[in-house]
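1. Have a look at this prediction, sequence included:
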Amino acid sequence: MSSTVGIKSYAYCLNHAPETGSWYGGTPYEARHSGKEQEYVEALPKHLQTYDQALHYAPNQTYIGGISYDEFEAAATPWTENPLPDDKAGRYGKFGELMPEDEFLGLICACDEFELVWLEKSFAEEVGAKLAKDPVITEAIVQRIIDPKKKHLQDLASIEAECKDRAALALHFGGKVVGCIRSGHPTDACLTAHVLMENLAGKASGVLALLHLLKNSGLAPADLDFVIECSEEGAGDVGQRAGNNFAKAIAEVVGCVNASGCDVRGFCAGPVHAMINAASQVASGARKNIAVVAGGSIPKLYMNSRDHVKKGLKALEDCVGSFAILLVPDDGTCPVMRLDVLGKHTVGAGGAPQAITSSLTFEPLQAAGLTFLDVDRFAPEMQNHEITEPAGAGNVPLANTKMIAALATMKKAIEKADMMNFIKERGVVGYAHTQGHIPAGVPFIGPACEAMKAGKMKRVMIIGKGSLFLGRLTNLADGASFLIEAPTGAPAASAAVSKEDVKALILEALSEIAGKLN
């Protein structure tokens with residue numbers, strides 16, 4: 001089995017969803033329904049970014065590849081007060097796109113197989129026409145929205161009645177109701193309109209990322225072998241609350257007719273676990289290629305907005321994030337993921353920050369004969385600090401890098417006087433939305449691979465960490481890490497044995513037997 005797997009391509013997308021988030025993001029939804037935070041609920045709409053402001057926001061453009069990571073590090077701060085110039089603020093970047101909310105609602109409708117999503121007829125026609133202009137959206141996807149034979153095309157009165165009488169959730173755009181998501185069952189808590197909205201939005205955002213991945217890689221949908229989806233949503237019914245398979249559902253919409261798929265879950269660490277899982281299958285020859293995909297989370301929208309509103313700031317958590325990574329056998333031309341340098345946070349490691357950091361960085365590096373100084377960048381939990389600091393959560397990537405630097409000092413890899421240089425030169429500035437799993441190291445795979453192709457970096461460590469207490473099963477933390485390196489320049493040794501090798505072995509064995517008989 002090969003110890004390296006090629007990272008062929010990557011895609012990162014954002015779906016702007018301020019109105020959806022202000023209604024159904026976890027914090028505003030709970031505040032609205034508790035009836036105890038009316039002032040916050042009424043003030044939130046005044047703190048939302050417009051789509052144009054979101055386009056000009058440096059972290060968003062970095063995520064979709066509209067500007068390079070080097071440009072992002074050099075950008076004037078605070079980013080909210082220093083919008084990018086128009087020539088750096090396009091809808092499409094090198095990695096993906098920032099989709100407007102109306103088109104995202106249309107894409108959610110296109111991903112619905114059970115006519116749970118109803119759209120007002122004229123709105124559906126408008127978003128269908130807009131989506132038809134997107135370079136990755138297929139005609140088949142557009143037809144799912146505008147097909148007059150479908151029952152999801154409704155008038156406004158019917159949509160409002162569904163919300164009033166049958167527990168549907170209204171969809172808003174431009175301050176108006178433009179559709180709804182209906183309940184999937186009268187009593188099943190797993191099939192309420194709210195849960196179905198989360199799941200369909202996760203599916204739709206994953207579809208967009210996979211479409212961009214195929215475009216970026218040049219791979220035909222029919223040539224994709226397998227999909228692993230690693231978001232934080234759970235789809236099921238009363239009999240099995242999270243049986244899932246977002247992966248196969250996403251592949252179906254994209255037209256990956258020869259692919260199968262499964263889901264991997266691990267809260268914020270899920271994407272790193274999924275990458276290790278996928279790379280292992282490709283390296284062993286079990287799969288010829290795998291797309292690791294994650295859709296985003298509506299409940300995480302405006303998660304910290306209570307503090308943003310209280311402090312008179314823009315509520316920035318307005319995008320559903322997604323990503324997709326294509327892994328292939330190492331042919332010597334792609335940056336590689338190393339399977340012999342994997343960090344894991346064991347059960348016995350405990351929850352102390354130093355122990356977690358050691359298990360994810362020092363221990364795998366030491367086992368491979370490497371030191372902290374052999375890694376150009378460490379990418380842990382890449383949350384945007386303009387979102388987290390006002391809410392009291394601090395600068396998460398900086399705090400993680402400081403811990404790595406402190407550990408490097410303890411292990412005599414660097415001198416104490418060099419800690420600040422280590423943090424500046426080998427840490428990363430966070431630019432990801434607070435979507436749980438989305439910031440967990442994986443946003444930097446794209447910039448790292450681009451830098452390696454340009455000869456600017458040789459080695460990067462991707463780190464994902466998770467808080468398992470969220471499921472009320474354990475107080476344990478979780479974490480995993482892996483190393484990315486520059487292209488090897490030569491194909492990795494294959495785990496498979498060719499027919500010629502088998503023939504040679506048989507002939508050799510027969511020759512030995514004949515020799516003994518003689």
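-> That came through fine.
2. The longest helix seen in the chain packs against which elements?
-> Counting residues, the longest helix found in the chain (DSSP state H) is helix 193-217. Applying 3 or more Cβ pairs under 8 Å, 6 or more residues apart in numbering; DSSP states H and E, we find helix 193-217 packed against strand 4-16, helix 18-24, helix 101-110, strand 169-173, strand 176-181, helix 246-254, strand 290-294, strand 319-329. Every C-beta, even on glycine, is put in place using the N, C-alpha and C of the backbone.
3. Who does the helix or strand following it pair with, and is each partner parallel or antiparallel?
-> Beyond helix 193-217 on the C-terminal side, the first helix or strand identified by DSSP states H and E is strand 226-229. Using DSSP bridges, the strands paired with strand 226-229 are strand 260-263 (parallel), strand 290-294 (parallel).
4. which of the residues in the next helix or strand after the first one are buried?
-> Using DSSP H and E, the helix or strand that follows strand 260-263 in sequence is helix 270-284. Within helix 270-284, the residues that count as buried by 16 or more other Cβ atoms under 10 Å are 270-276, 278-283.
5. picking that back up, so which of the helices and strands packed on helix 193-217 comes closest to Phe422?
-> Relative to Phe422, the nearest member of the helices and strands packed on helix 193-217 by Cβ to Cβ is strand 4-16, separated by 25.6 Å.
6. report the angle between the axes of the closest one and strand 319-329?
-> In terms of direction (axes from the mean of the first three to the mean of the last three Cα atoms, to 10 degrees), strand 4-16 departs from strand 319-329 by 160 degrees.
7. where's strand 4-16 relative to the chain centroid, distance-wise?
-> Averaging C-alpha positions (Cα atoms, centre = their mean, to the nearest Å) puts strand 4-16 9 Å from its chain's average.
8. likewise stretch 183-200?
-> 23 Å.
9. same question, stretch 213-232
-> Distance of stretch 213-232 from its chain centroid, counting by Cα atoms, centre = their mean, is 13 Å.
10. on that earlier part again, for the longest helix of the chain, list every residue counted as buried.
-> 193-214, 216-217.
11. cool, stretch 109-121 as well?
-> Going by 16+ other Cβ under 10 Å, stretch 109-121 has these buried residues: 109-112, 116-120.
12. between the buried residues of helix 270-284, which is nearest Leu316?
-> Using Cβ to Cβ, the buried residues of helix 270-284 come closest to Leu316 at Pro271, 21.7 Å.
13. how close does the closest one get to Phe482?
-> Between Pro271 and Phe482 the distance is 11 Å, computed by Cβ to Cβ, to the nearest Å.
14. for Leu44, same thing?
-> Taking Cβ to Cβ, one finds Leu44 at 39 Å from Phe482.
15. Likewise for Thr371?
-> 17 Å.
16. pLDDT score for the residue nearest to Leu131 when sequence neighbours are not counted?
-> Using Cβ to Cβ, 6 or more residues apart in numbering and skipping the chain neighbours, the partner closest in space to Leu131 is Ile137 (4.7 Å). Ile137 carries a pLDDT value of 98.
17. Just confirm Glu450 contacts Ser68, I think it does.
-> Yes. Look at Glu450 against Ser68 with Cβ atoms under 8 Å: they come within range, at 7.3 Å.
18. which residues sit in contact with Ala432?
-> Going by Cβ atoms under 8 Å, 6 or more residues apart in numbering, Ala432 touches 59, 63, 321, 382-384, 438-439, 443.
19. Recalculate using a threshold of 6 Å.
-> Counting by Cβ atoms under 6 Å, 6 or more residues apart in numbering, Ala432 makes contact with 382, 438-439, 443.
20. same thing with Leu105?
-> Under the criterion of Cβ under 6 Å, 6+ apart, the neighbours of Leu105 are Leu171.
21. just the one 5 residues further on next, same as before
-> By Cβ under 6 Å, 6+ apart, the contact set of Ala110 is 141, 144-145.
22. Test my guess that Gly430 contacts Asn384.
-> Yes. Applying Cβ atoms under 6 Å, one finds Gly430 in contact with Asn384, separated by 5.2 Å.
23. Tell me where this structure has strands.
-> Applying DSSP state E to the chain gives strands spanning 4-16, 98-99, 117-120, 153-154, 169-173, 176-181, 226-229, 260-263, 290-294, 319-329, 336-344, 377-380, 459-467, 477-485.
24. Pairing partners for the longest one, with directions?
-> This points to strand 4-16. When pairing is defined by DSSP bridges, strand 4-16 lines up against strand 98-99 (parallel), strand 319-329 (antiparallel), strand 336-344 (antiparallel).
25. That one vs helix 193-217, what angle?
-> 130 degrees.
26. before we move on, the earlier item: for Tyr51, state which of the buried residues of helix 270-284 is nearest.
-> So of these, ranked by how close each gets to Tyr51 (Cβ to Cβ), first place is Pro271, at 26.8 Å.
27. picking that back up, possible to save the helices and strands packed on helix 193-217 as JSON lines with mean pLDDT and distance to Gly266?
-> Formatted as JSON lines, the helices and strands packed on helix 193-217 follow (pLDDT from 0 to 100; distance: least, Cβ to Cβ, whole Å):
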{"stretch": "strand 4-16", "mean pLDDT": "98", "distance to Gly266": "19"}
{"stretch": "helix 18-24", "mean pLDDT": "98", "distance to Gly266": "24"}
{"stretch": "helix 101-110", "mean pLDDT": "98", "distance to Gly266": "25"}
{"stretch": "strand 169-173", "mean pLDDT": "98", "distance to Gly266": "29"}
{"stretch": "strand 176-181", "mean pLDDT": "98", "distance to Gly266": "27"}
{"stretch": "helix 246-254", "mean pLDDT": "98", "distance to Gly266": "14"}
{"stretch": "strand 290-294", "mean pLDDT": "98", "distance to Gly266": "11"}
{"stretch": "strand 319-329", "mean pLDDT": "98", "distance to Gly266": "15"}
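28. which ones are touching the closest residue in space to Phe114 that isn't next to it in sequence?
-> Distances taken as Cβ to Cβ, 6+ apart place Gly184 nearest to Phe114, at 6.9 Å, with adjacent residues excluded. By Cβ under 6 Å, 6+ apart, the contact set of Gly184 is 116, 191, 196.
29. separation between the second one and Lys465?
-> To tie it back to what came earlier, the one meant is Leu191. For Leu191, the distance to Lys465 - Cβ to Cβ - is 32 Å.
30. who has more neighbours, these two?
-> Lys465 (25 against 20; other Cβ atoms under 10 Å).
31. who does the more buried one bridge with?
-> Gly479.
32. Am I right that it is in contact with Leu476?
-> No. Counting by Cβ under 6 Å, Lys465 sits too far from Leu476 to count as a contact (11.6 Å).
33. So for Gly26, what's the nearest residue that isn't a sequence neighbour?
-> Nearest to Gly26 is Pro299, by Cβ to Cβ, 6+ apart, at 4.0 Å.
34. Looking at the one you found now. What's its pLDDT?
-> Note on Pro299: pLDDT of 96.
35. what are the phi and psi values for it?
-> phi -60, psi -20 (degrees, to the nearest 10).
36. okay, now it: neighbour count?
-> 21.
37. what's the spacing between Tyr12 and Glu19?
-> For Tyr12 relative to Glu19 (Cβ to Cβ), the value is 23 Å.
38. more crowded one of those two?
-> Higher neighbour count among Tyr12 and Glu19: Tyr12, with 29 against 21, using other Cβ under 10 Å.
39. Does the more buried one touch Tyr63 like I think?
-> Yes. Tyr12 sits in contact with Tyr63 when judged by Cβ under 6 Å, with a separation of 5.2 Å.
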